[in-house]
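Peer 1: Take this sequence and fold it.
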Amino acid sequence: MTTSNVSLNIRMDKDLKNNLSNLCDELGMNVSTAFTIFAKAMVRRGGIPFDVALDEPNKETLDAIREIEDMKKHPSAYKSYTDVKKMMEDILD
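Peer 2: The predicted model follows:
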């Protein structure tokens, strides 16, 4: 079985292309090889070979968001500072 190669033109941001080229160089391949690997993985999986989703905040970030929301609702339950030195003294004591 003989294979024939075809060309594929892709438009992308110049900085993204440069970063991709640099990474591929570090991995010992060129961008064409990287896209071929991606295409084969996509065909094999029958879809994109990784999750495509909006970034979800991690637990630590969600906890911090909830804490800030609680601080807004109950400001008297939390200590506040106008003096960084005093705040640091309290934190380090």
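Peer 1: what's the neighbour count on Ala41?
Peer 2: Using other C-beta atoms under 10 Å, Ala41 is surrounded by 13 other residues. To be clear about C-beta, it is placed using only N, CA and C from the backbone, and glycine gets the same treatment.
Peer 1: which residue packs closest to it, ignoring adjacent ones?
Peer 2: Pro49 (4.0 Å; C-beta to C-beta, 6 or more residues apart in numbering).
Peer 1: ok now do Arg11, which residues does it touch?
Peer 2: By C-beta atoms under 8 Å, 6 or more residues apart in numbering, Arg11 lies in contact with nothing.
Peer 1: Now name the helix or strand holding it.
Peer 2: Under the criterion DSSP states H and E, no helix or strand holds Arg11.
Peer 1: Need the pLDDT of the residue nearest the centre of the chain.
Peer 2: By C-alpha atoms, centre = their mean, the chain has its centre lying nearest to Asp55, at 7.0 Å. As predicted, Asp55 sits at a pLDDT of 82.
Peer 1: And for Asn9?
Peer 2: On the pLDDT scale, Asn9 gets 94.
Peer 1: Tally up the residues packed near it, please.
Peer 2: 4.
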